[in-house]
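> Sequence and predicted structure are below.
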Amino acid sequence: MTDKSTIYLVDDDAGVLKALSRLLRSKGYEVKPYSSPQVFLQEHDAGAPGCAVLDVSMPGLDGLEIQRALTTTTGYARPVVFVTGKGDIPTSVRAMKAGAVDFLTKPINDSDLFEAVARAEARDAESRRFHSELRSIQAKVSTLTPREREVFSHVVAGRLNKQIAGDLGTVEKTIKVHRSRMMEKLGIRTVADLVRMAERLNLAKQARSHWPKG
């Protein structure tokens, strides 16, 4: 747990909301409780580290719809722990397939909640580290010229300077210059580092294409 972590609680049951807020605050969490899903979505700060604890069944918007709305509007899959007053297996299956960290049944066991929130926080922290690194990589890649990007792709594909020159219709010496400038702009020295960078970019594309749709 980090001092800056925020737990967003969304439940239309005032008693449950109060009890869970008190419980989580007793462990040092920053808690933001909401009885209205709509108000939560309006005030949600995607930039704040943490997770959301959502009631599955609420009037207007249910927990799964909130999760889907969060991802659609922010582009960020906030880790979610679902809670419910009913042991509904089909709903729990849908929740887990949608990317939920856990699905807890009321009355909620304290240790189960703390464990689920801890796992949600860990997932959130990992995701934020990944995206922070990705933004840094994208910023560097954006400084490349079109020809340097072409060289980037060819080098990652395992092509030699002479082969790249043939592919691009130029001479090997020119490719060496483009390659050197490309590597310098990206702040890397080896082809292995370049490949790892390319893998990061591709992993990000895969993650976006596989984000839960709800």
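Yep, that arrived.
> Now for R119: which residues touch it?
101-102 (Cβ atoms under 8 Å, 6 or more residues apart in numbering). No exception for glycine: its C-beta is placed from N, CA and C like everyone else's.
> Let's see that with 6 Å instead.
Contact partners of R119, counting by Cβ atoms under 6 Å, 6 or more residues apart in numbering, are V101.
> can I assume it sits in a helix?
Yes: under DSSP: H, G, I helix; E, B strand; the rest coil, R119 sits within a helix.
> Helix, strand, or coil at the residue lying closest to M183 once chain neighbours are set aside?
Nearest non-adjacent residue to M183, counting by Cβ to Cβ, 6 or more residues apart in numbering: R189, 6.7 Å away. Using three-state DSSP, the structure places R189 in coil.
> What is the burial count for R189?
Neighbour count of R189, defined by other Cβ atoms under 10 Å: 10.
> Distance check, it against S136.
Separation of R189 from S136 (Cβ to Cβ, to the nearest Å) stands at 17 Å.
> element containing M197?
For M197, the host element (DSSP states H and E) is helix 191-209.
> State the mean pLDDT of that helix.
Helix 191-209 comes out with an average pLDDT of 74.
> Which residues are in contact with the residue of the chain positioned farthest from its centre?
What lies farthest from the middle of the chain is V171; by Cα atoms, centre = their mean that is 42.7 Å. If a contact means Cβ under 6 Å, 6+ apart, then V171 has A165 as its contacts.
> Got the confidence number for it?
pLDDT, read off for V171, is 96.
> Could I get the full set of helices for this structure?
Ranges of helices in the chain, per DSSP state H, are 14-25, 37-43, 63-74, 89-97, 110-141, 146-156, 161-168, 172-186, 191-209.
> Mind listing residues that contact stretch 5-16?
Against stretch 5-16 from outside (Cβ under 6 Å, 6+ apart): 17, 20-21, 24, 29-35, 37, 40, 48-50, 52-55, 58, 121.
> Quick one, which of those residues are buried?
Neighbour counting with 16 or more other Cβ atoms under 10 Å marks 17, 20-21, 24, 29-35, 37, 40, 49-50, 52-55, 58, 121 as buried within these.
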